[in-house]
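J.: Have a look; sequence and predicted model below, questions after that.
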Amino acid sequence: TRNLVLILGDQLSHSISGLRHSDPEKDRVLMAEVMDEATYVQHHKKKIAFLFSAMRHFAEELKEKGWTVDYIRLDDPENPGNLKDAIQTWSAKHEPEKVLLTEPGEWRLAEMFRKLNIEMLPDDRFLSTKAEFAEWADGRKQLRMEYFYREIRRKTGLLMDGDDPAEGKWNFDSENRKPADSDLFMPRPLEFSPDAMTSEVLELVAGRFADHFGDLEPFTLAVTRQDALKALDHFIETALPEFGDYQDAMLTDEPILYHSLLAQYLNCGLLEPLEICEKVEEAYRNGKAPINAAEGYIRQIIGWREYIRGIYWLKMPEYVDRNHFGHDRALPGFYWTGETDMQCLRSAISQTRELAYAHHIQRLMVTGNFAMLCGVDPVEVHEWYLAVYADAYEWVELPNTIGMSQFADGGVLASKPYAASGSYINRMSDYCGSCRFNVKKRTGEDACPFNALYWNFLAKHEDKLSDNPRMGAMYSTWKRFGSEEQERIRESAANFLETL
Ligand code: FAD
Ligand code: DLZ
């Protein structure tokens, strides 16, 4: 053997650099299902099953293309348990000239491979490199996604008419904040029946990970590129046109609304960012989707996703320890059970347990917002998000959690905390109508807890937030409450926090 090429669970792309730099005639591929990766946080059962099945299908595709693949299954008696031992044992077996891989998406693994002196090739499945992001960030006072995004629009030519953005504006977000009504004709994502290989994985996961969070079945995710492409086409045809309008909306009985459910395919390599965006642009150019939908969608992928990755590599390893507000409360137990009387949290957490999915506003403005208002330790919040979503990998989850949702980085990523009271949730959802708490009330036992928690949070962190020009109006309102109402709010919040 010349080279031993390691392919990780989130590197399931035929065009990945590790394979491009190798030769099926001379090199062999190593893939391993290992307990360490499956348990370093308690990943959702569906996430583990999804990834193991996608890995097995990918290994088969590689073999069909002529590669020699050593695939170590979790239940293989020789399973080494972790990636380091897998490399060392398989290197001893085959004595390759060198071991190589595409750099991993996570600091922890990158450090481990660096220490082993293994050759790492850049991961070019992104539209910008780490170095380009660092260069863009260098010397800027503020790192705002919007400006980075415009550069990628120019670089890729996506939604550009010559030098100008399509329809004269870079960003149509102001049109994308409509609440939604339940609709019998709402599109549904494509569902895929488990084949024999997936069924075998489901049995394995049921046996080995019974104590992990989440429902394993029904299992309807795609596990091959071919099926992920079908899911992409289906989204573009059925949901993209409304994606923009209802991007921020939440409904109890509609966990997915007009979202694409594509992040898990994109993040493990079954789909590529540019091919998704090109298809979305094509739908727009053919009159099948309006600009606010196409621009809004493309911005999530070439803007937010790339920007988040840039922040991760720019700020790690210290970023994970950021705790701007000094929050130290334990994560409430109901994040694992959904058992709470707050309808919004119950709904978002229950669907997370069932589907390993919640959409962005549920993650940001329900579970994330609540954790920040309660003062939960950001590391506990981070480990929860990393575990419970099928699309979660640290490079994308961590900045979204630490930066965007908890403001624990003190404003590297967001210009102000995404803190909101019950009235935001009421405006954007149908949760409050069926909730035991009254969203209109600020204090008292039956008041929506988000309300007192919100004002209590602002009051508590006045020293850190009141200078922020975007927070000024809220602090003026707080002052207008007067000291008696302020005291009632503090007491209501304290009473509620006692119950957690
Ligand atoms: P859609 O709503 O259809 O959006 C389209 C695509 O845009 C997504 O598939 C995703 O690739 C990309 N995207 C959208 N928003 C973001 C964002 N903020 N950051 C990066 N990419 C984005 N996304 C992950 O992929 N993995 C995570 O682990 C993750 N953790 C998050 C944690 C928190 C606290 C928050 C607030 C957000 C997190 N996100 C994460 C971002 C976003 O919520 C998900 O990408 C999205 O909900 C995935 O569902 P979808 O594919 O239906 O997305
Ligand atoms: C997330 C994950 C899981 C659950 N299991 C494996 C595995 O058994 N083998 C593997 O190679 N990769 C796995 N992964 C993905 C890795 O943890 C991933 O490469 C890092 O999270 C880097 O993004």
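T.: Right, received. Where do you want to start? Ligands and ions are numbered 1, 2, ... in the order given.
J.: Enumerate every residue touching Val320.
T.: Neighbouring residues of Val320 by CB atoms under 8 Å, 6 or more residues apart in numbering: 379, 382, 398, 402. Bear in mind the C-beta positions are built from the backbone N, C-alpha and C, glycine included.
J.: Make sure the second one is indeed in a strand.
T.: No: read with DSSP: H, G, I helix; E, B strand; the rest coil, His382 is helix and lies in no strand.
J.: Next, find the distance separating it from ligand 2.
T.: Distance of His382 to ligand 2, given as CB to the nearest ligand atom, to the nearest Å: 14 Å.
J.: cool, and the first one?
T.: The span separating Val379 from ligand 2 equals 17 Å under the rule CB to the nearest ligand atom.
J.: thinking again about what came up before, what's the closest of the contacts of Val320 to Phe235?
T.: Minimum distance to Phe235 across the contacts of Val320 is 26.2 Å, recorded for Leu398 (CB to CB).
J.: Next, Glu37: secondary structure please.
T.: Going by three-state DSSP: Glu37 is helix.
J.: for the stretch 51-200 of the chain, what spans make up the strands?
T.: Remark: strands assigned in the stretch 51-200 of the chain by DSSP state E, counting those that start in this stretch are 68-72, 98-102, 119-121, 160-161, 164-165.
J.: which strands and helices sit next to the second one?
T.: Secondary structure elements in contact with strand 98-102, counted by 3 or more CB pairs under 8 Å, 6 or more residues apart in numbering; DSSP states H and E, are strand 3-6, helix 17-20, strand 119-121.
J.: picking that back up, quick one: which two of the contacts of Val320 are the most distant?
T.: The widest separation within the contacts of Val320 (CB to CB) is 10.1 Å, between Val379 and Leu398.
J.: more crowded one of the two?
T.: Using other CB atoms under 10 Å as the criterion, Val379 and Leu398 rank with Leu398 on top: 25 against 19.
J.: Please tell me how far that one sits from ligand 2.
T.: Here Leu398 is placed at a distance of 11 Å from ligand 2 (CB to the nearest ligand atom).
J.: Any chance of CSV for the contacts of Val320, columns distance to Ala134, secondary structure and pLDDT?
T.: As requested, the contacts of Val320 are arranged in CSV below (distance: CB to CB, whole Å; DSSP: H, G, I helix; E, B strand; the rest coil; pLDDT from 0 to 100):
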residue, distance to Ala134, secondary structure, pLDDT
Val379, 25, helix, 98
His382, 23, helix, 98
Leu398, 17, helix, 98
Ile402, 19, helix, 98
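J.: So for Ala166, which of the helices and strands packed on strand 98-102 sits nearest?
T.: helix 17-20 (31.8 Å).
J.: Going by neighbour count, list what's buried in that closest one.
T.: For helix 17-20, a neighbour-count test (16 or more other CB atoms under 10 Å) marks 17-19 as buried.
J.: Out of these, which is nearest to Arg309?
T.: Ser17 (15.9 Å).
J.: quick one: contacts for that closest one?
T.: 102, 121-124.
J.: What's the local residue count around the residue nearest to Ile118 when sequence neighbours are not counted?
T.: In this structure, Ile118 finds its nearest non-sequential neighbour in Val99, 5.0 Å apart by CB to CB, 6 or more residues apart in numbering. Residues contacting Val99 under the criterion other CB under 10 Å number 20.
J.: residue contacts, His44?
T.: His44 neighbours (CB under 8 Å, 6+ apart): 212-214, 352, 356, 387-390.
J.: Same question for Asp233.
T.: Lys279.
J.: Many thanks, we can stop here.
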